[in-house]
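1. 3D, please:
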Amino acid sequence: MKEVITEILMREGKGIYGSALVSVTNVKVTTDLSLARFYFSIYNTDQKEAVLGMLNEAKPNLKRLIVAKIKDLRKMPEFEFYLDETLDELFKIEELFKKIHEEDEKIAKNS
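-> Next up is the predicted model:
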């Protein structure tokens, strides 16, 4: 399902959310196939929640396109879309470590 929605967003994404860069980071489907949770990383915009909202508005169309691609599922789950900010948090932590390192170097030079 992750590959299919990634392919669909590569083709249809610009019409849904414009110039934002959207990456599908994970898809979790419940064992009973009643629910699929899609996790997205969104870049190239400060309006990440707005892009997620646009994806939610396009959900019926996205579901239709996915159903057309995956025909062997006995039941198509309901979709939920979430923002995955794991990489954003990683960059923030990396920036903090960089600042700490710079401050340590300043202290070492002044000693």
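
2. which regions of the chain sit below the pLDDT cut-off?
-> For the chain, applying pLDDT under 70 flags the ranges 87-90.

3. ranges for the strands of it?
-> Using DSSP state E, the strands assigned to the chain run over residues 21-29, 35-43, 78-83.

4. neighbours of the closest residue to M76 other than its chain neighbours, just the number please.
-> Leaving aside its sequence neighbours, M76 sits nearest to V67 (C-beta to C-beta, 6 or more residues apart in numbering; 5.4 Å). No exception for glycine: its C-beta is placed from N, CA and C like everyone else's. Residues near V67, counting by other C-beta atoms under 10 Å, number 12.

5. Please apply the same query to G18.
-> Counted with other C-beta under 10 Å, residues neighbouring G18 total 13.

6. Please apply the same query to K59.
-> 15.

7. OK, contacts around it?
-> Contacts here follow C-beta atoms under 8 Å, 6 or more residues apart in numbering; on that basis K59 touches 79, 81.

8. Now do it against K106, distance only.
-> Distance of K59 to K106, given as C-beta to C-beta, to the nearest Å: 51 Å.

9. Distance of T31 relative to N44?
-> As defined by C-beta to C-beta, T31 lies at a distance of 35 Å from N44.

10. Same drill for those two, tell me which one is more crowded.
-> Taking neighbours as other C-beta under 10 Å, T31 and N44 compare with N44 leading, 10 against 5.

11. Would you confirm that that one contacts G18?
-> No: with contact defined as C-beta atoms under 8 Å, N44 does not reach G18; the gap is 9.4 Å.

12. top helix in this structure by residue count?
-> Longest helix in the chain, counting residues (DSSP state H): helix 86-110.

13. Next, the angle from that helix to strand 35-43.
-> Per axes from the mean of the first three to the mean of the last three C-alpha atoms, to 10 degrees, the angle that helix 86-110 makes with strand 35-43 is 40 degrees.
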